[in-house]
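In: Predicted model and sequence follow; I will ask about them next.
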Amino acid sequence: MKTNFVKLLFIVAGIIFLEACQTEPKQELSFSTTDTPGRVSVALPGSGEDIWAKYNYDQREGKRLFEHYCSVCHGIVGAGDGFNSYNLDPKPKSLRDNVYMSNLSDSNLQQVISLGGTSMNKSMLMPAYSHTLSGIEIERIVKYIRTLTNKEN
């Protein structure tokens with residue numbers, strides 16, 4: 001009886017060991033120090049982008065919210081090429097278009113995000129997020145959207 005228990009224990013331990021060996025290694029953030037004391041640079045896995053140097057706090061939070069709520073249609077870089085954009089008519093506007101975006105004030109962008117596209121005579125397919133996002137979160141998305149036009153197209 002005791003030897004059967006020991007055998008079973010070894011089998012279970014072996015299975016656990018094999019399962020632990022088969023997991024893929026987790027992606028890690030890459031850290032590097034900068035010239036600024038107390039500041040560490042962080043690059044996201046696979047992006048090569050240092051969000052700490054590139055964006056302030058509000059823009060980083062806006063980027064996170066944009067990627068969660070907006071990138072489905074507007075694309076991860078705001079080019080209007082999100083995976084759902086192919087199902088939409090009209091297609092979402094590119095938020096990287098300097099001419100188009102310079103004609104929109106921050107309050108216009110906040111209104112479109114809060115009340116939806118129909119509030120500004122835009123596409124009715126643009127949903128209203130006033131019940132999903134707070135005013136601060138919408139402001140942060142607008143601050144991040146403003147950084148998209150600074151990138152090369």
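Out: Thanks, I have the structure now. Since the model is a prediction, treat every value here as computed from it, not as a measurement.
In: centroid residue for this structure?
Out: The centroid of the chain falls nearest to E67 when counting by CA atoms, centre = their mean (2.8 Å).
In: Ramachandran coordinates for that one?
Out: phi -60, psi -30 (degrees, to the nearest 10).
In: list the contacts for it?
Out: I76 (CB atoms under 8 Å, 6 or more residues apart in numbering). No exception for glycine: its C-beta is placed from N, CA and C like everyone else's.
In: gap between K7 and S123?
Out: 67 Å (CB to CB, to the nearest Å).
In: can you tell me how far the residue nearest to the centre of the chain sits from R60?
Out: Counting by CB to CB - E67 and R60 are separated by 11 Å.
In: Report the buried residues of the longest helix belonging to the chain.
Out: If you go by DSSP state H, the chain has its longest helix at helix 2-22. Neighbour-count burial for helix 2-22, counted by 16 or more other CB atoms under 10 Å, picks out no residue.
In: So which elements touch that helix?
Out: Judged by 3 or more CB pairs under 8 Å, 6 or more residues apart in numbering; DSSP states H and E, helix 2-22 is in contact with no other helix or strand.
In: Can you give the distance of it from its chain's centre?
Out: 42 Å (CA atoms, centre = their mean, to the nearest Å).
In: where exactly do the strands run in this protein?
Out: Counting by DSSP state E, the segments of the chain that form strands are 30-33, 40-43.
In: Low-confidence ranges, this protein, go.
Out: 1, 14, 17-18, 20-48, 150-153 (pLDDT under 70).
In: let's go with 50 and repeat that
Out: Where the chain drops to pLDDT under 50, the residues are 27-29, 33, 35, 153.
In: Mind jotting down where the helices sit in this protein?
Out: Counting by DSSP H, the helices of the chain are 2-22, 51-54, 57-65, 71-74, 98-102, 106-115, 135-148.
In: can you list the ones you listed in JSON lines and add distance to K91?
Out: Shown next, in JSON lines, are the helices of the chain (distance: least, CB to CB, whole Å):
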{"stretch": "helix 2-22", "distance to K91": "43"}
{"stretch": "helix 51-54", "distance to K91": "28"}
{"stretch": "helix 57-65", "distance to K91": "22"}
{"stretch": "helix 71-74", "distance to K91": "9"}
{"stretch": "helix 98-102", "distance to K91": "13"}
{"stretch": "helix 106-115", "distance to K91": "16"}
{"stretch": "helix 135-148", "distance to K91": "17"}
